[in-house]
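Undergrad: predicted coordinates and the sequence they were generated for:
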Amino acid sequence: MREDAGLTRTGRFCGGLINDIKRKVPFYPSDFKDAISLQCVASYFFIYFACLTPIITFGGLLGDATKNNMASMESLVAGMICGVLFGFFSGQPLTILGSTGPVLVFETIVFEFCKGQDWEYLPFRLCIGVWIGIILLVLVATDASALVCYITRFTEENFATLIAVIFIIKAIEKLFAIGQKTPISPSPCYCSPTDDLPGWNYTLSMLKPDEGNEIGKFSKQACTFPYPFSNTTQPDISGIESVGCHYVPNAFLMSCLIFIGTFLISYHLKKFKSQNFFPAIVRNYISDFAVVIAIVSMTTMDILVGVDTPKLSVPDKFAPTLPTRGWLVHPIGSNPFWTPIAAVVPALLGSILIFMDQQITAVIVNRKEHKLLKGGGYHLDLLIVAICIVINSILGIPWFVAATVLSINHVRSLTRESECAAPGEKPQFLGIREQRVTHILIFVTVGLSVFMTPLLSKIPMPVLYGVFLYMGVASLNGLQFFDRILLFLMPKKYQPDYPYLRQVPLNRVHMFTMVQIFCFMALYVIKSFKQTSILFPIMLVVMILVRKLLDLFFTKKELQVLDDILPEFKRHDRLDDEEALQKTEEKEETPDDRRTSLRCTESSLEVPMLNGNVLRIPHNALNAINITEEMNKSGCWKSLEENGKNVVQKESTKNSKKKSRRMSLVKEEEEGGIVIK
């Protein structure tokens, strides 16, 4: 399996990259033909809006951190370039590129360092980007992506759960931030001084409230006011406007309504496929376009109600944010001549961040549960990311790497399921619609968003925050780690019939889950603080070491069921693991263990049902069971296995003319009928 995924060292120069190209070339024409489906259209609209908002938001944060050397306009251009290149030439086009928190922190640190040294930021960043590209190319040539095989379910689900939880928390925080900018009740409008002034109160700097302003656009705007008690010769005091200057009635209430409405419509319409209304093809289309329907309906309601809620703000002209810069960056500028050599030091840290960010998301997308038929391409993906980083550094635009939550939702939006043949039958998961077209179109449209400002400016931001909440919640579905956390809250008789619960004792499952919870909390603390968030990708290496220590506390079989077996460096260690697992499997296949689905207690026989419930049959009811009569009473009798010896008991009948043939698990007697002991 590792060889098929390209996660083994070939021992040849660029051997892994060559194998990735050979694996993907035969499927390249089908990557475009397989996109002929309305499901791809729905996925395109969903992921487009899901990508556009974080790109613009990240651009705004980057503009604040770098004094507008890079901002929203540069982020849109970076998205178009990286997305199109990755969509056409990557090994796994289902992976969506985007901006990440550690990259933002890295950019901020580099800018502050350049500011302290009085260097030009963009030329020094160009040197760092070129070195990162070279380092990543070396990693590709030496098959370093084979180390990804040490990222097991334990690590990847910790990472995926953390990013999903952050999406949920950030969506709610953004919603309440609207309440801070537009308070529920009116408040005074005044200019608040940026510095402390003795004897100042708000009545000394009252302003006239603005009317018709967009929420957030004019919040905390600079202002000045005369201060008669000032000891300086400066006539006016600088400050910022209070939130009372931009009070909009009912804006926060309306934002909450469309935020919740977007999430509920998306969440419930996505599950509409399993409902009983309308034909199957109509249900499938409603489910595929669930998020699009939510965005359109809530935006329409916002327009009809007419409350001035915050809207999506997109740059309206194609030009660099900073007027003094162009689209090409000089490699040295006014910096010292030796800065290109010094740039290799921060480039090493940047390479680790990008490598870990990219590969952990690639592992999640390529997991075996997705039943991907065309395979992945870890080495090829890393090569394309390295090329994009060099290009973006030359143009002075942000770096993009794989975005976890966006990639997970892109994969989920392309899920293929069987058509239900019988009422109540659950559809079977068939795989993912693997293609390149949605990725390419998404980022082409992201780049063209500058020319769609009149249309996009009608979309309320709370609607997009609701989409973020839905993406975070949807990403948790199907994660074994999240399912095992819910088991703590369920009584044993109500627990679902998960496969791992049949093979591993429940207390061992809880013990494994507790270790993951502690690791998750450590990752969340590191991610939450700006000073330590840059270490977040490096902490994933620590998670791998923690997973290695679990080999001392859990058996190979338990780890194989709950996680994956870590590959060993030495050949004899690998052979020992294979031999131990083989013995365990042979032991499970002995005749005495074939009936583990039935459990006999002191008072009853427990039979697990398909829906996860347990049917308990008292021992006294097993003395004589007439299967014909019982089937007339209930339809749940399908099969029973006998744990003890099979005994046929004769029964006398009062009326010989009304004898009925009965079936026995062991044999049939002409006069006795069929009796289960």
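TA: Nice, I can see it.
Undergrad: and Thr224, what is it in contact with?
TA: By CB atoms under 8 Å, 6 or more residues apart in numbering, the residues touching Thr224 are 191, 236-239. Just so you know, the C-beta spots here come from the backbone N, C-alpha and C atoms, and that holds for glycine as well.
Undergrad: phi, psi of Val546?
TA: Phi and psi for Val546, reported as degrees, to the nearest 10, are phi -60, psi -40.
Undergrad: distance of it from Arg125?
TA: Distance, Val546 to Arg125, by CB to CB, to the nearest Å: 34 Å.
Undergrad: which of those two has more residues huddled nearby?
TA: Arg125 (25 against 16; other CB atoms under 10 Å).
Undergrad: confidence score at the nearest residue to Ile258 once chain neighbours are set aside?
TA: Excluding the flanking residues, the one nearest Ile258 by CB to CB, 6 or more residues apart in numbering is Met298, at 4.4 Å. pLDDT recorded at Met298 is 90.
Undergrad: ramachandran angles for Ile394?
TA: Here is the backbone geometry of Ile394 (degrees, to the nearest 10): phi -70, psi -40.
Undergrad: packing partners of the strand or helix carrying Val561?
TA: Take DSSP states H and E as the rule and Val561 turns out to sit in helix 556-562. With contacts defined as 3 or more CB pairs under 8 Å, 6 or more residues apart in numbering; DSSP states H and E, the packing partners of helix 556-562 are helix 499-503, helix 506-528, helix 571-588.
Undergrad: worst average pLDDT in these?
TA: Mean pLDDT values for the helices and strands packed on helix 556-562 show the minimum at helix 571-588, a mean of 51.
Undergrad: ok, of the contacts of Thr224, which one's closest to Lys67?
TA: Distance to Lys67 across the contacts of Thr224 (CB to CB) is lowest for Ser238, with 18.5 Å.
Undergrad: ok, the closest residue to Pro346 other than its chain neighbours to Ile360 distance?
TA: Among residues not flanking Pro346 along the chain, Ile128 sits closest, at 5.4 Å (CB to CB, 6+ apart). Here Ile128 is placed at a distance of 22 Å from Ile360 (CB to CB).
Undergrad: looking at those two, which one has more neighbours?
TA: Ranked by neighbour count (other CB under 10 Å), Ile128 and Ile360 place Ile128 first, with 27 against 22.
Undergrad: and which of the contacts of Thr224 is nearest to Ile81?
TA: Among the contacts of Thr224, Ser238 lies closest to Ile81 (CB to CB), at 39.6 Å.
Undergrad: can you confirm that closest one is in a helix?
TA: No - applying DSSP: H, G, I helix; E, B strand; the rest coil, one finds Ser238 to be strand, outside a helix.
Undergrad: what about it, how many neighbours?
TA: A count of nearby residues for Ser238, using other CB under 10 Å, gives 13.
Undergrad: next, Leu315: secondary structure please.
TA: Careful, residue 315 is Pro; it's not Leu. Put simply, Pro315 is coil when judged by three-state DSSP.
Undergrad: residues touching it, list them.
TA: Pro315 makes contact with 72-73, 76, 321, 450, 453, according to CB under 8 Å, 6+ apart.
Undergrad: want to try a markdown table for those, with neighbour count and distance to Val329 as columns?
TA: Rendered in a markdown table, the data for the contacts of Pro315 read as follows (neighbours: other CB atoms under 10 Å; distance: CB to CB, whole Å):
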| residue | neighbour count | distance to Val329 |
| --- | --- | --- |
| Ser72 | 23 | 19 |
| Met73 | 23 | 15 |
| Leu76 | 25 | 18 |
| Thr321 | 19 | 14 |
| Val450 | 19 | 21 |
| Thr453 | 14 | 27 |
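Undergrad: take those and keep only those in helices.
TA: Among the contacts of Pro315, the ones falling in helices (DSSP state H) are 72-73, 76, 453.
Undergrad: just to revisit the earlier point, you'd agree the residue nearest to Ile258 is in a strand?
TA: No - counting by three-state DSSP, Met298 falls outside a strand, being helix.
Undergrad: what's the spacing between it and Gln275?
TA: 21 Å.
Undergrad: what of Ala141?
TA: Applying CB to CB, the value for Ala141 to Gln275 is 52 Å.
Undergrad: once you drop chain neighbours, what's closest to Gly333?
TA: Here the residue nearest Gly333, using CB to CB, 6+ apart, is Pro123, at 3.7 Å.
Undergrad: surely that neighbour touches Ile332?
TA: Yes - counting by CB atoms under 8 Å, Ile332 is a contact partner of Pro123 at 5.6 Å.
Undergrad: give me the contact list for stretch 295-304.
TA: With CB under 8 Å, 6+ apart as the test, stretch 295-304 has contacts from 49, 254, 258, 261-262, 265, 309, 458-460, 463-464, 466-467.
Undergrad: so can I have JSON lines of those showing neighbour count, pLDDT and distance to Ile286?
TA: Below are the contacts of stretch 295-304 laid out as JSON lines (neighbours: other CB atoms under 10 Å; pLDDT from 0 to 100; distance: CB to CB, whole Å):
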{"residue": "Phe49", "neighbour count": "19", "pLDDT": "85", "distance to Ile286": "18"}
{"residue": "Met254", "neighbour count": "22", "pLDDT": "88", "distance to Ile286": "26"}
{"residue": "Ile258", "neighbour count": "24", "pLDDT": "91", "distance to Ile286": "20"}
{"residue": "Gly261", "neighbour count": "18", "pLDDT": "92", "distance to Ile286": "17"}
{"residue": "Thr262", "neighbour count": "27", "pLDDT": "91", "distance to Ile286": "16"}
{"residue": "Ile265", "neighbour count": "20", "pLDDT": "91", "distance to Ile286": "11"}
{"residue": "Thr309", "neighbour count": "25", "pLDDT": "84", "distance to Ile286": "27"}
{"residue": "Lys458", "neighbour count": "12", "pLDDT": "85", "distance to Ile286": "24"}
{"residue": "Ile459", "neighbour count": "20", "pLDDT": "84", "distance to Ile286": "21"}
{"residue": "Pro460", "neighbour count": "27", "pLDDT": "87", "distance to Ile286": "23"}
{"residue": "Val463", "neighbour count": "27", "pLDDT": "88", "distance to Ile286": "19"}
{"residue": "Leu464", "neighbour count": "25", "pLDDT": "86", "distance to Ile286": "21"}
{"residue": "Gly466", "neighbour count": "28", "pLDDT": "89", "distance to Ile286": "18"}
{"residue": "Val467", "neighbour count": "24", "pLDDT": "87", "distance to Ile286": "17"}
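Undergrad: tell me which two of those residues sit farthest apart.
TA: Greatest spatial distance among these (CB to CB): Phe49 and Met254, at 19.6 Å.
Undergrad: helix/strand/coil for Ala35?
TA: coil.
Undergrad: please renumber so the chain begins at 276
TA: Let's use 276 as the start, then, which means that last one is Ala310.
Undergrad: so what's it up against?
TA: Residues near Ala310 by CB under 8 Å, 6+ apart: 708, 710-713.
Undergrad: 7 Å - rerun?
TA: Each residue near Ala310 by CB atoms under 7 Å, 6 or more residues apart in numbering is listed here: 710, 712-713.
Undergrad: ok, it to Leu716 distance?
TA: Remark: distance between Ala310 and Leu716 (CB to CB) = 9 Å.
Undergrad: where in the stretch 476-625 of the chain is pLDDT low?
TA: The stretch 476-625 of the chain contains residues with pLDDT under 70 at 477-479, 483-496, 502-510, 518-519, 521-522.
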